[in-house]
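Enquirer: with the input below, show me the fold.
(one chain, ligands or ions: 1)
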Amino acid sequence: MIEMIDVSKTYSNGVNALNNIDIFIEKGEFVYVVGPSGAGKSTFIRMIYREEKPSQGSIVINGADLTTLKEKHVPYLRRNIGVVFQDFKLLPKLSVFENVAFALEVIEEQRDVLRKRVMEVLDIVKLKNKARFLPDELSGGEQQRVSIARAIVNNPRVVIADEPTGNLDPDTSWEIMDILENINRRGTTVLMATHNREIVNTIKKRVIAIESGRIVRDEMRGDYGYER
Ligand SMILES: Nc1ncnc2c1ncn2[C@@H]1O[C@H](COP(=O)(O)OP(=O)(O)OP(=O)(O)O)[C@@H](O)[C@H]1O
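Expert: Next comes the predicted model:
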């Protein structure tokens with residue numbers, strides 16, 4: 001499902017962000033990516049949705065080899081990967097409904113099909129009643145829930161979240177985790193980079209720890225493992 005073989009990444013400024021990464025993530029897994037600031041977590045995540053290309057090695061996602069994937073096929077890859085960011089990245093002038101609908105790639109562009117699917121995912125994130133609101137009329141947690149709705153609207157096989165609770169208070173962070181777990185229970189693979197020790201130590205999942213661009217630990221039901 002997600003496989004990296006001997007992957008390294010050196011940025012054009014010479015920074016060596018990842019070294020010789022080998023990883024295999026099965027369909028339906030929930031994986032935390034942890035590690036100190038600057039360890040390479042975001043680089044690892046960005047390579048999966050092809051925001052960055054590896055300098056060496058191969059990456060296979062849902063059967064597609066990203067090293068040989070043609071540019072024109074990147075949109076197909078992205079349709080199967082939903083991405084959630086720490087800072088939400090919503091379009092400020094569009095309503096909640098429109099933010100989600102904007103991401104929906106419908107083949108039959110019937111308005112009622114589109115509306116039904118958008119309302120379905122807004123129901124999953126418990127925001128049906130705020131479909132007409134603008135992002136700045138929502139709390140941080142609600143904005144993050146819109147961004148999760150946007151990430152899952154195309155029914156992706158993988159959801160990647162880079163510090164999804166980074167800007168949220170503890171209670172709201174647990175709500176976001178409930179939603180990500182719910183999405184995972186429906187069969188979607190979830191990969192989440194996080195600095196949230198309490199969440200990792202409470203909701204036990206596979207933990208991949210990265211330090212100085214290398215995987216130093218990969219444990220099922222692992223711990224966060226770093227001191228504050
Ligand atoms: N676009 C870029 N160009 C050059 N260097 C970069 C780029 N993005 C990240 N880096 C460098 O690569 C290294 C790994 O950064 P990365 O953002 O992957 O770490 P991280 O583990 O996600 O950190 P944090 O927890 O602070 O978000 C760092 O030294 C960083 O400065």
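
Enquirer: please identify which helix or strand holds the spatially most central residue of the chain.
Expert: Centroid check for the chain by CA atoms, centre = their mean gives Ile160 as the closest residue, at 1.5 Å. Under the criterion of DSSP states H and E, Ile160 resides in strand 158-162.

Enquirer: roughly how far is the lowest-mean-pLDDT helix or strand in the chain from the heart of the chain?
Expert: Lowest by mean pLDDT, DSSP states H and E among the helices and strands of the chain is helix 74-79, with a mean of 86. The chain centre lies 14 Å from the centre of helix 74-79; the measure is CA atoms, centre = their mean, to the nearest Å.

Enquirer: restricting to C-alpha, output the helix or strand that comes right after it in CSV.
Expert: Next along the chain after helix 74-79, taking DSSP H and E as the criterion, comes strand 81-85. Output of strand 81-85 as CSV, limited to C-alpha atoms (Å, rounded to 0.1, in the frame of the first residue of the first chain):
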residue,chain,number,x,y,z
ILE,A,81,-4.6,10.5,-0.9
GLY,A,82,-6.4,13.0,1.3
VAL,A,83,-4.1,15.5,3.1
VAL,A,84,-4.8,17.4,6.3
PHE,A,85,-2.5,20.2,7.5
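
Enquirer: which elements pack onto strand 81-85?
Expert: Packing partners of strand 81-85 (3 or more CB pairs under 8 Å, 6 or more residues apart in numbering; DSSP states H and E): helix 140-152, strand 158-162. C-beta: built from backbone N, CA, C; applies to glycine.

Enquirer: partners of the last one, with directions?
Expert: According to DSSP bridges, the neighbouring strands of strand 158-162, each with its direction, are strand 81-85 (parallel), strand 189-193 (parallel).

Enquirer: out of those, nearest to Asp123?
Expert: strand 81-85 (16.6 Å; CB to CB).

Enquirer: ok, residues contacting the helix or strand following the closest one?
Expert: Counting by DSSP H and E, the next helix or strand C-terminal to strand 81-85 is helix 96-103. For helix 96-103, the surrounding residues in contact (CB atoms under 8 Å, 6 or more residues apart in numbering) are 90-91, 94, 114-115, 118, 121-122, 127, 130-135, 138, 146, 149-151, 153-154.

Enquirer: could you do stretch 68-83 as well?
Expert: 48-50, 61-62, 64, 66, 105, 148, 150-154, 156-162, 188.

Enquirer: isn't the residue nearest to the centre of the chain right up against Ile45?
Expert: Yes: with contact defined as CB atoms under 8 Å, Ile160 counts as touching Ile45 (5.5 Å).

Enquirer: wait, a helix at Phe44?
Expert: Yes: using DSSP: H, G, I helix; E, B strand; the rest coil, the assignment for Phe44 is a helix.

Enquirer: would you mind listing what in this protein touches the ligand?
Expert: Contact residues (CB under 6 Å from any ligand atom) of the chain with the ligand: Tyr11, Asn13, Val15, Ala17, Gly35, Ser37, Gly38, Ala39, Gly40, Lys41, Ser42, Thr43.

Enquirer: fine by me, we can end here.
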